[in-house]
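Chemist: Fold the following.
(2 chains)
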Amino acid sequence: MAMHQTLSSGVVRPPSRRVRLLRNQRRAGYSMLLPMAVVIAAVTLFPILYSVWMSLNDVHLETNGFALSFTGLANYRVLAGSRVFWHSVWFTVYYAVVTVAVELILGTLIALAINGVRRLKDLSLVIMLIPWSLITVISAQMWAYIYNGVYGVLNAILQALHLIGGPVAWLGSPGLAIAAMMVADIWKTTPFVVIILLAGLQMIPDEYHEAAYMDGANRWHAFWRVTLPMLRGSIALAGLFRILQAFGVFDLPFVLTNGGPGTATESLAILGYETLFQNLHFGPGTAVAVSTVVMVLIVCLVFLSAFRSMVETEGA
Amino acid sequence: MNRARKGAVVGTAVALVCSVAAGCGSAGGGSNTANAAQSGGAKPIDTAHAKGTIVWATPPITQTGLPETMVKAFEQSHPNIKVKLQLQDNNTDTNRASLTTAIGGGSNTPDVYLGDVVWPAQFAANQLAKPLTGLVPNSFWNRFADGLVQGATYHGKVYAAPFFVDTAFLFYRKDLLAKAGLSVPKTWEDVQKDAQILQKKGLVKYGFVWQGASYEGLLCDFDEYLADAGGQVLDKDGKPAIDSAAAKKALTFMRGLITSGVTPKSVVQFTEQESQNVFTEGNAAFIRNWSYAWPNSQDPKASKVVGKVGVTALPSFNGGTGYSTIGGWDLYVNPHTKNLPAALAFIDWMTGKQAQSILAKQFSEIPTNKQVQNDPSVKQKSPIFSIVPKVKYVSRPAQNPNYPAIAKAVYSNVNAALAGSVSTDKALANAAKQIQSALGGNGGL
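Modeler: Numbering: from 1, shown residues only, chains lettered A, B, ... in the order given. Model (predicted):
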């Protein structure tokens, strides 16, 4: 595309042989890509568009499949007036913002530490990766045992240390349950951030830091003025991946709390799953799914632009 | 149309032929002529020459090979039919999600599936189950214990054949009661008081455990106190009736169990499994649980309280037998099945005397077949079977296709109140509001 523009944006003249050749090549290229493009459209684009279409309809399951009748934005109006939906938006955003922020900060620190380690670097990397490599439903079950209010490990330790008088129901009240879930998430996914940032750190040439120290920078200055700006792309990438995942959080609340107590930890994904697959309300359910995608896109854009301006001011 | 039937309380006295006042027409039963008219004269399918292969989807039910045993015995008596077992998830909601995905997507297997007793309305309304009325001879329905067929009926048609019943009991530590010189409690208040005495004496850590997590099981527990206090989730016109004095009494009592220390705070995270663990570890004096808790507590591999457990019907607020939620599992037929005769032959056998006796004698599940239920040799297998005839049943407001959303409106708000994060008044008001929304068909949003 860029090449086409540079070539054709010059003075108007009959296309040279070279340009014609390029055009032909391009046409051949596109035609070869076409089958793949069709397959991708069939398996990704069609379901997405069909979901959007379903969310604009009243949907019933009949013996021969779905029966749709167009209702416009009715399903979205239901969402807009729903306390349950807005609560789950609030929870998901809150959960995503806090966990991603903490994971980015912790991840940066750990990546710097591992990058500085001279011996046993590989080993420390592997150990750190264990939480990330566990399947979430399994690690979530493990956390459920840790947080268990009767025979939980956490209560046993805190009671042995006389830090709490009696057992605490960690997943039994909204505030504690949300915090407990965030801890489990941060424990699990910080290694993912570390891996990405470590790759970023290793791409920064040593000369940059050497030059900074020659100019009289201390370690703090070197971090803010050299490391962080150079790491910007990696942090943005890690942050984006994490926001995407955090917005779709399902397995952790599904295992730990099933959305409880009450609906305190009901994420958008859990709400969508229940509406679609438990209650079989396909119209409102797809509306939840589509709204989630729109929100994720917005949050990602906000994150990227906020991040860019933040790093630019810090780096200046 | 099912408004008139939404009374939350269905006694055992409800007849097999569902009453006209209940407004659901004939559920099958006694009279052949009445039923032929009802089903539009459709002829029952001939199952005598059924052959081929069918797929039966079922959760494992027990951990002791119940489905496998059943399939083997069936194939022995029906050499022309092979049954392929498709084991489903033990979690009821996961099981439902996988069935609705497959059948809703037009799959012709499983041919027969085991589903919760609260599914008929939702599955009927979404074309996920084949109506059996007319496909089986009317006399088929006579074999079931009273009230069960009505529970599987939606808009006048029966959508499933009851396979086994389940209901709740009060299990208690008879050794501890004897030590403290207490008798078996007759009222809920006594349960609380006795539990406190046992805890004060240092005989046991917790008094009374039950199911308080934010899930269907909590609705079952709550519905029992609610019925006892004279309340219901939906009134007879199908409107939310949960914001009532009776509901407040029920919820306040449940919350009081926690604040008085009789029930651990973490009960708000308990499903059957967690509560049963506390009991079989010897850490609770009383437990409200389903019938499986009996064999489970008497299994030396799973339990530290073997031989120390007694069981009785649930108590009530004012003395006398209290209400127990009716649960259990039914056999449904996939509307897309390609082998209806074999599917029906399988269901016929599974609800017949041989299968139902295996179910009761080998696996301690409560049979749905009336004759087997009353068989003296079955009764002596488990103390549960002798209590069953005394139980007063309360059914969940499941005769509505939006039942899952109604249930969630109840259990999520009750759970929040139990956790102390909202007041009982606020929780009940919220529940009523969300039920209203669920009834409007908005999927509980």
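Chemist: what's the closest residue to chain A within the stretch 101-250 of chain B in contact with, if anything?
Modeler: The stretch 101-250 of chain B approaches chain A most closely through B:Ser214 (3.0 Å), counting by C-beta to the nearest C-beta. Quick note: C-beta positions are derived from backbone N, CA and C, even for glycine. Applying C-beta atoms under 8 Å, 6 or more residues apart in numbering or on different chains, we find B:Ser214 in contact with A:Thr257, A:Asn258, A:Gly259, A:Gly260, A:Pro261, A:Gly262, A:Thr263, B:Val268, B:Tyr411, B:Ser412, B:Asn415, B:Ala416.
Chemist: Can you get me a residue count around the fourth one?
Modeler: Translated: A:Gly260. Residues lying near A:Gly260 (other C-beta atoms under 10 Å in any protein chain shown) number 28.
Chemist: Tell me where the stretch 151-300 of chain A has strands.
Modeler: Listed in chain order, the strands of the stretch 151-300 of chain A (DSSP state E, counting those that start in this stretch) amount to none at all.
Chemist: Any regions of it where pLDDT drops low?
Modeler: Scanning the stretch 151-300 of chain A for pLDDT under 70 picks out no residues.
Chemist: which residues touch the closest residue to chain B within chain A?
Modeler: The minimum distance from chain A to chain B, using C-beta to the nearest C-beta, falls at A:Gly149 (2.2 Å). When contacts are counted by C-beta under 8 Å, 6+ apart, A:Gly149 touches A:Asn155, A:Pro167, A:Val168, A:Ala169, A:Trp170, A:Leu171, A:Gly172, B:Pro264, B:Lys265, B:Ser266, B:Gln269.
Chemist: How much space separates it from B:Phe363?
Modeler: 32 Å (C-beta to C-beta, to the nearest Å).
Chemist: Tell me if I'm right that A:Thr292 and A:Gly272 touch.
Modeler: Yes - contact criterion C-beta atoms under 8 Å: A:Thr292 and A:Gly272 qualify, at 6.8 Å.
Chemist: where does B:Asn80 fall, phi/psi-wise?
Modeler: phi -90, psi -10 (degrees, to the nearest 10).
Chemist: need the contact list for it.
Modeler: Listed by C-beta under 8 Å, 6+ apart, the contact partners of B:Asn80 are B:Ala50, B:Lys51, B:Gly52.
Chemist: How many residues are close by B:Ala285?
Modeler: The burial count for B:Ala285: 30, using other C-beta under 10 Å.
Chemist: next helix or strand past the helix or strand where it lies?
Modeler: Following DSSP states H and E, one finds B:Ala285 within strand B:284-290. Using DSSP H and E, the helix or strand that follows strand B:284-290 towards the C-terminus is helix B:293-297.
Chemist: from the chain's centre, how far out does that following helix sit?
Modeler: 17 Å (C-alpha atoms, centre = their mean, to the nearest Å).
Chemist: just to revisit the earlier point, what is the nearest of the contacts of B:Ser214 to A:Ala74?
Modeler: A:Thr263 (23.1 Å; C-beta to C-beta).
Chemist: From B:Thr100, how far off is the closest residue in space to A:Gly65 that isn't next to it in sequence?
Modeler: Spatial nearest neighbour of A:Gly65, excluding adjacent residues (C-beta to C-beta, 6 or more residues apart in numbering or on different chains): B:Gly106 at 6.5 Å. According to C-beta to C-beta, B:Gly106 and B:Thr100 sit 12 Å apart.
Chemist: Give me the more crowded residue out of the two.
Modeler: Legend: neighbour count by other C-beta under 10 Å for B:Gly106 and B:Thr100, higher for B:Thr100 (20 against 11).
Chemist: can you confirm the more buried one is in a strand?
Modeler: No - read with DSSP: H, G, I helix; E, B strand; the rest coil, B:Thr100 is helix and lies in no strand.
Chemist: Thought B:Leu128 was touching it, still the case?
Modeler: Yes - with contact defined as C-beta under 8 Å, B:Thr100 counts as touching B:Leu128 (6.0 Å).
Chemist: Domain ranges for chain B, per the record?
Modeler: For chain B, the structural domains run B:2-166+B:327-382, B:167-325+B:397-439, going by automatic domain parsing.
Chemist: wait, which of those domains is closest to A:Pro191?
Modeler: domain B:167-325+B:397-439 (27.7 Å).
Chemist: Compute the first-to-last residue distance for the closest one.
Modeler: Terminal residues of domain B:167-325+B:397-439 lie 27 Å apart, using C-alpha to C-alpha, to the nearest Å.
Chemist: With stretch B:56-65 instead?
Modeler: 14 Å.
Chemist: Residues in contact with it: which ones?
Modeler: Contacts of stretch B:56-65 (C-beta under 8 Å, 6+ apart): B:66-67, B:71, B:83-90, B:92, B:95, B:99, B:109-114, B:292, B:329, B:346, B:363, B:365.
Chemist: how far does that stretch sit from the chain's center?
Modeler: With C-alpha atoms, centre = their mean as the basis, the mean position of stretch B:56-65 lies at 16 Å from the chain mean.
Chemist: in that stretch, what counts as buried?
Modeler: B:Trp56, B:Ala57, B:Thr58, B:Pro59, B:Ile61, B:Thr62 (16 or more other C-beta atoms under 10 Å in any protein chain shown).
Chemist: Give me the local confidence score for the last one.
Modeler: What it means is B:Thr62. At B:Thr62, the predicted lDDT confidence score is 76.
Chemist: Repeat that for the third one.
Modeler: As summarised for this prediction, B:Thr58 has a pLDDT of 95.
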